[in-house]
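**Student:** fold the stuff below for me.
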Amino acid sequence: MIAASDLRTTRIIERKMTIKGKTMNRNWTFVVAAALLAMAAVPGARSAEMTEKEKALASPYPNDFGPGALPAETLKAYPANVQEGYKLLLVRCAQCHQPNRPLNSRFVEPEGGIDDVKQQANLDAWKKANPEIFKDLSVWQPEVKVWNRYVKRMMNKPGCNIEKAEGKKIWEFLQYDGAHRKVGENAAKWAGHRHKLVDEFKAKYPKRYEELKAANDL
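**Tutor:** Residues are numbered from 1 along each chain as shown. Okay, here's the model as predicted:
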């Protein structure tokens, strides 16, 4: 749909094309109008970014009710490269949604770098040491490469301005963060946090809650 400002521009051009009471070939007017329509039909990166933000707002999750930043005492205990990935997440991921969404996510990816075998071994170790994290999908979704796939999918969205090297650092942060802040000695604290978010979400968006619950996507 052509914007009102573009229509005004077209009318101005039409007036300027009138010389001594005689209108020039009106085909030029149609050419200008067609060009404006074409520009409106091909949005730039900024328009694409806003579209993704609008989609995120229209499809809320319990994660969105959580904080948009990590506590300083938590972050300072993380390795320097992981902190770098966190800082990139705050800026780059905000192109399409707020940082709340990944920071409060139930996703947990085992450590082990990009190696499937190492990740699976750590996942199996969790099943023995922390069996509770496999019982409630609204709190934890432990899965090999779950964050790796998520970051790649986000990088392919329209308007997402994340370089490959930046995406790797963001993924490294998400893998490390989930494996340390959501399981082990922090499992009970994380469970309380997630239950609170889900309860708040259910109270505000009961219909959306039922949809996500039925799809195991809380």
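**Student:** use CA for all of it now, contacts and neighbours both
**Tutor:** OK.
**Student:** how about residue 140: what's its closest non-neighbour residue?
**Tutor:** Leaving out its chain neighbours, the residue that sits closest to residue 140 by CA to CA, 6 or more residues apart in numbering is residue 106, at 4.5 Å.
**Student:** please look at the one you found and residue 141 and confirm they touch.
**Tutor:** Yes - contact criterion CA atoms under 8 Å: residue 106 and residue 141 qualify, at 5.5 Å.
**Student:** these two: which has the busier surroundings?
**Tutor:** Comparing residue 106 with residue 141 by other CA atoms under 10 Å, the one with more neighbours is residue 106, at 24 against 19.
**Student:** ranges for the strands of this structure?
**Tutor:** Remark: strands assigned in the chain by DSSP state E are 18-19, 22-23, 107-108, 141-142.
**Student:** report the mean confidence score over the first one.
**Tutor:** By that I understand strand 18-19. For strand 18-19, mean pLDDT rounds to 37.
**Student:** quick one: residues contacting the closest residue in space to residue 76 that isn't next to it in sequence.
**Tutor:** Excluding the flanking residues, the one nearest residue 76 by CA to CA, 6+ apart is residue 83, at 7.9 Å. Residue 83 sits next to 75-76, 173 when contact means CA atoms under 8 Å, 6 or more residues apart in numbering.
**Student:** from residue 169, how far out is residue 83?
**Tutor:** Residue 83 is 9 Å from residue 169, where distance means CA to CA, to the nearest Å.
**Student:** now do stretch 115-124: everything it contacts.
**Tutor:** 109-113, 142-145.
**Student:** for those residues, which one is nearest residue 208?
**Tutor:** Nearest to residue 208 among these is residue 142, at 23.2 Å by CA to CA.
**Student:** in this structure that closest one contacts residue 111, no?
**Tutor:** No - the pair residue 142 / residue 111 is not scored as a contact, 11.0 Å apart, by CA under 8 Å.
**Student:** anything in contact with each of these two?
**Tutor:** With CA under 8 Å, 6+ apart as the test, residue 142 and residue 111 reach no residue in common.
**Student:** list the contacts of residue 181.
**Tutor:** Residues counted as contacts of residue 181 (CA under 8 Å, 6+ apart) are 187, 190.
**Student:** please renumber so the chain begins at 46
**Tutor:** In the new count, where the first residue is 46, that last one comes out as residue 226.
**Student:** quick one, helices of this protein?
**Tutor:** Along the chain, counting by DSSP state H, helices occupy 49-61, 72-86, 90-103, 117-120, 125-137, 145-148, 161-174, 191-200, 209-226, 232-249, 251-259.
**Student:** as CSV, the ones you listed with distance to residue 109 would be great.
**Tutor:** Converted to CSV, those look like this (distance: least, CA to CA, whole Å):
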stretch, distance to residue 109
helix 49-61, 35
helix 72-86, 32
helix 90-103, 9
helix 117-120, 20
helix 125-137, 14
helix 145-148, 5
helix 161-174, 27
helix 191-200, 17
helix 209-226, 16
helix 232-249, 8
helix 251-259, 13
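**Student:** closest to residue 181 out of those helices?
**Tutor:** Nearest of the helices of the chain to residue 181, taken as CA to CA: helix 232-249 at 9.2 Å.
**Student:** and the closest residue to residue 211 other than its chain neighbours, what pLDDT?
**Tutor:** Nearest non-adjacent residue to residue 211, counting by CA to CA, 6+ apart: residue 133, 7.0 Å away. Predicted confidence (pLDDT) for residue 133: 95.
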